[in-house]
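Novice: structure, please.
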Amino acid sequence: MRAVNEAWEGAETLEAARLDELDRLLAGLSPGALFWTAGYVHARARSAGIVAEAVAPVARQASAAARLTVLFGSQTGNAKRVAEELVARAEAHAIQVRLVRADSYATRELADERALIVVMSTQGDGDPPDDSRAFLRFLSGTRAPKLPQLRFAVIGLGDSSYPQFCVIGQQIDARLAALGGARLAPRADADVDIETVFNPFARTAIDAAKTLLEVPANRGAKVTSLRPAITAVGFTRQRPFAASLLSSQRLTASDSEVRVHHLELDLAGSGLRYAPGDSLGIWPQQDPALVDRILARLHLPGDSSVTHEGVELSFARWLTEKRELTRLSRAALAQIAERASNAPLRALLADPSATLDYLSKHQLLDVLEDFSPVLGAADWVCALPVLQPRLYSIASSSRIVGDEVHLTVAERVDGIGADQRFGVATRQLLNLAEGAKVPIYIEANERFRLPSDGSRDVIMIGPGTGVAPFRAFVQERVALGATGRNWLFFGHRHLRREFLYQTEWLAALSNGGLSRLEVAFSRDQGARVYVQERLREHAQELVTWIDNGAHIYVCGDATRMAKDVHQALIDVIAQARACTVEDAEIELEHLSEQGRYARDVY
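Specialist: Got it, this is the predicted structure:
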């Protein structure tokens, strides 16, 4: 703690000339560069032993009247990152602030909150993150208190290609206002290009919180973190590690409609650590052939120079490294329509239903072919969303594979020949040569963890590439000598073509790594059969496992599979217990709150 005190004393006495020099260095940096710089300086401070400990006693002393609470609900980690950045900005303004995940929030404290910022994602077709269901149930129920003293702000995260874009954030914003709260800032709805909406929202909300909490305007103010200290990692989302591809092996037959590969990447020398249930973030680059096709369709030279937010690159590099080309958003279409004064595109945007349908089926190439918008290179750079990393569930346990990380990557291609449409990261990963490097980072998922008690049973439901984390789970349980049973439900289209990791699962059944394996291959018979049918077939046994303390895990598609499996689990409980669907749903919610029902859905 002595090092911490000395460091803060040094900050308070930093000379004005040095502060001016620092301002000049930071001037002109993009928001993303500023965020990276903040993380870099923070890591340097930690390596010097300056930011050494959490200040839990101080956190307990901070009353609700004097602090800002940042509450978040996150499924894939985006809302968590946004919340952490809000906390960092608040601390930079000397605001006493705490960061709380929704399922860790003591709802009795809501009545005393004075300043609250909520960061909430919306999943699939209008679903809340799993970590926020209990909080939302409390907030919408009769036990929620009146909040005349509360000043709040809500930023929702979502994807405008889904009908219920940011609906959970909208519901929270409306409910807090209905309970008597007043807004620190207008609600913000952030699309996949989060930064453009987040930055103005953060400035307004933090400035309002600072005024509300009467924080003195003092550049050199002592800033006390109310969050537990997080150990700095050398390689992060902002500073990824260049991992080499060790091997890539196709898992599906050559005549399968889906191309699925098992990839092994080398982490040696990175210092990166992961646990089963975590994801690997990939910073992709666009396919060169796709960039060439877009440049040809735009009739613009790729070598022309474009400067945006202080960064100068060739137009081709902007498209290849910095902009989304395979994922559309409503905001991007609106930008293109406005900048190009394109009447047909404006007409599409005027029809919300038609817009959502178009977004779900089309990419930038389709926009160029269907609407022929005419823009200069600089306008295209401004209009297109920032390229975002892609997350893949990790399919290995480091206890077994050492300094490697394994992935299960699938690509489904729409169209043929020159009309193909594909995903940016999957195309890059599946075309990598051995030894090629790809920028990666670890995305922790604390809510998708194996039980600490190795004697607990585990039920794993993972159709398609959703089986990836369960390969890691089984490896980990075997390595640790866990005595609990492992039951896997796997599904795909065809047994012969798409039984992913078939030999591994059969070997695990032989050596005890798996206790049971249920499979469903939907296209191998007249009537289609999915994993949810297999769940219903074993209702009584599943509930017996649950009664014995089993943990349930689901991984895969959020839009359809996860909903169907969730409903099947409700039906299983209702059938086995001869209770109402409502009672079964409550039981499943309680399992989720206890950490015994976890989902990694996307």
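
Novice: quick check: phi and psi on residue 554?
Specialist: Note on residue 554: its backbone torsions stand at phi -130, psi 140 [degrees, to the nearest 10].

Novice: got the contact list for the longest helix along the chain?
Specialist: Ranked by number of residues, the top helix in the chain under DSSP state H is helix 194-212. Contacts of helix 194-212 with the rest of the structure, by C-beta atoms under 8 Å, 6 or more residues apart in numbering, involve 31-32, 68, 78, 82, 85-86, 89-90, 93, 95, 114-115, 117, 151, 153, 155, 157, 184-186, 188-191, 331, 386. All C-beta atoms are positioned from the backbone trio N, CA, C, and that covers glycine.

Novice: which of these fall in strands?
Specialist: 68, 115, 117, 151, 153, 155, 157, 188-190 (DSSP state E).

Novice: can you add distance to residue 393 and give those back as CSV?
Specialist: As requested, the ones in strands among the contacts of helix 194-212 are arranged in CSV below (distance: C-beta to C-beta, whole Å):
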residue, distance to residue 393
68, 34
115, 36
117, 30
151, 39
153, 33
155, 26
157, 20
188, 29
189, 27
190, 24
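
Novice: what is the nearest of the residues you listed to residue 248?
Specialist: residue 157 (32.5 Å; C-beta to C-beta).

Novice: for the closest one, list the residues it contacts.
Specialist: 78-79, 82, 119-122, 166, 169, 190, 194.

Novice: show me what contacts the closest residue to it other than its chain neighbours?
Specialist: Leaving aside its sequence neighbours, residue 157 sits nearest to residue 121 (C-beta to C-beta, 6 or more residues apart in numbering; 4.2 Å). For residue 121, the contacting residues are 73-76, 78-79, 129, 156-158, 168-169, by C-beta under 8 Å, 6+ apart.

Novice: how far away is residue 121 from residue 154?
Specialist: 12 Å (C-beta to C-beta, to the nearest Å).

Novice: coming back round to it: pull out the buried members of the contacts of helix 194-212.
Specialist: Using 16 or more other C-beta atoms under 10 Å as the burial test, those include 68, 78, 82, 85-86, 89-90, 93, 95, 114-115, 117, 151, 153, 155, 157, 184-185, 188-191, 331 as buried.

Novice: I'd like to know how far the nearest residue to residue 449 once chain neighbours are set aside sits from residue 369.
Specialist: Residue nearest to residue 449 in three dimensions, not counting chain neighbours: residue 277, with 5.1 Å by C-beta to C-beta, 6+ apart. According to C-beta to C-beta, residue 277 and residue 369 sit 42 Å apart.

Novice: neighbour count for those two, which is higher?
Specialist: The residue with more neighbours, out of residue 277 and residue 369, is residue 277; 23 against 11, by other C-beta atoms under 10 Å.

Novice: quick one, what contacts the more buried one?
Specialist: By C-beta under 8 Å, 6+ apart, the contact set of residue 277 is 394, 445, 448-450, 469, 472-473, 600.

Novice: so which of those are in strands?
Specialist: Taking DSSP E, the ones among the contacts of residue 277 that sit in strands are residue 600.

Novice: nearest to residue 108, of the contacts of residue 277?
Specialist: residue 449 (26.8 Å).

Novice: distance check, residue 540 against residue 550.
Specialist: 14 Å.

Novice: and those two? which has more neighbours close in?
Specialist: A count of neighbours by other C-beta under 10 Å puts residue 550 above the other of residue 540 and residue 550, at 22 against 12.

Novice: the closest residue to that one other than its chain neighbours: neighbour count?
Specialist: Among residues not flanking residue 550 along the chain, residue 457 sits closest, at 3.9 Å (C-beta to C-beta, 6+ apart). For residue 457, the neighbour count with other C-beta under 10 Å is 20.

Novice: count the residues that sit near residue 163.
Specialist: For residue 163, using other C-beta under 10 Å, the count is 14.

Novice: what pLDDT does it get?
Specialist: Residue 163 is assigned 84 on the pLDDT scale.

Novice: try the one 10 residues further on
Specialist: Here, the pLDDT recorded for residue 173 equals 98.

Novice: then residue 17?
Specialist: Looking at residue 17, its pLDDT stands at 47.

Novice: and for residue 257?
Specialist: The model's pLDDT for residue 257 equals 88.

Novice: also residue 228?
Specialist: pLDDT, residue 228: 39.

Novice: one more: residue 560?
Specialist: 88.

Novice: which parts of stretch 502-520 are buried?
Specialist: 505, 508, 513-514, 518-520.

Novice: just the mean pLDDT for that stretch, thanks.
Specialist: Here the average pLDDT along stretch 502-520 is 97.

Novice: ok now it, how far from the chain's centre?
Specialist: 30 Å (C-alpha atoms, centre = their mean, to the nearest Å).

Novice: and the contacts of it?
Specialist: Here stretch 502-520 has contacts from 463, 471, 474, 477-478, 485-491, 495, 499, 529-531, 533-534, 538, using C-beta under 8 Å, 6+ apart.

Novice: can I take it that residue 440 is in a helix?
Specialist: No. Residue 440: not assigned to a helix; according to DSSP: H, G, I helix; E, B strand; the rest coil it is strand.

Novice: any idea what it is bridged to?
Specialist: residue 241, residue 282 (DSSP bridges).

Novice: tell me the domain boundaries of this protein?
Specialist: Listed by automatic domain parsing, the domain ranges of the chain are 54-212, 241-283+389-443, 288-383, 458-601.

Novice: what's the burial count for the residue lying closest to residue 180 once chain neighbours are set aside?
Specialist: Nearest non-adjacent residue to residue 180, counting by C-beta to C-beta, 6+ apart: residue 148, 4.3 Å away. Residues contacting residue 148 under the criterion other C-beta under 10 Å number 9.

Novice: residue 148 and residue 174: what is the separation?
Specialist: 17 Å.

Novice: tell me where the protein is predicted with low confidence.
Specialist: Low-confidence segments of the chain, defined by pLDDT under 70, are located at 1-62, 217-233, 413-420.

Novice: all the strands of the stretch 301-450 of the chain, residue numbers only.
Specialist: Here the stretch 301-450 of the chain has its strands, by DSSP state E, counting those that start in this stretch, at 305-308, 311-314, 390-393, 404-411, 437-443.

Novice: rebuild the ones you listed as CSV, extending it with mean neighbour count and distance to residue 564.
Specialist: Converted to CSV, those look like this (neighbours: other C-beta atoms under 10 Å; distance: least, C-beta to C-beta, whole Å):
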stretch, mean neighbour count, distance to residue 564
strand 305-308, 15, 43
strand 311-314, 14, 44
strand 390-393, 23, 19
strand 404-411, 21, 19
strand 437-443, 20, 26
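
Novice: out of those strands, which is closest to residue 268?
Specialist: Closest among the strands of the stretch 301-450 of the chain, using C-beta to C-beta: strand 404-411, at 8.3 Å.

Novice: output the contacting helices and strands for that closest one.
Specialist: In terms of contacts (3 or more C-beta pairs under 8 Å, 6 or more residues apart in numbering; DSSP states H and E), strand 404-411 is packed against strand 259-266, strand 390-393, helix 424-430, helix 468-480.

Novice: now it, how far from the chain's geometric center?
Specialist: That offset, for strand 404-411, works out to 17 Å (C-alpha atoms, centre = their mean).

Novice: alpha carbons only: can I get stretch 583-602 in CSV?
Specialist: Taking C-alpha atoms only, stretch 583-602 is exported to CSV below (Å, rounded to 0.1, in the frame of the first residue of the first chain):
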residue,chain,number,x,y,z
ASP,A,583,-43.1,-24.1,-12.0
ALA,A,584,-40.6,-25.8,-14.2
GLU,A,585,-39.5,-22.5,-15.7
ILE,A,586,-39.0,-21.1,-12.1
GLU,A,587,-36.9,-24.1,-11.2
LEU,A,588,-34.7,-23.6,-14.3
GLU,A,589,-34.3,-19.9,-13.4
HIS,A,590,-33.2,-20.9,-9.9
LEU,A,591,-30.6,-23.3,-11.4
SER,A,592,-29.3,-20.4,-13.5
GLU,A,593,-29.0,-18.1,-10.4
GLN,A,594,-27.1,-20.9,-8.6
GLY,A,595,-24.7,-21.2,-11.5
ARG,A,596,-25.9,-24.7,-12.3
TYR,A,597,-27.5,-23.8,-15.6
ALA,A,598,-25.0,-21.9,-17.9
ARG,A,599,-25.2,-21.0,-21.5
ASP,A,600,-22.5,-19.8,-24.0
VAL,A,601,-24.8,-18.8,-26.9
TYR,A,602,-24.1,-16.5,-29.8
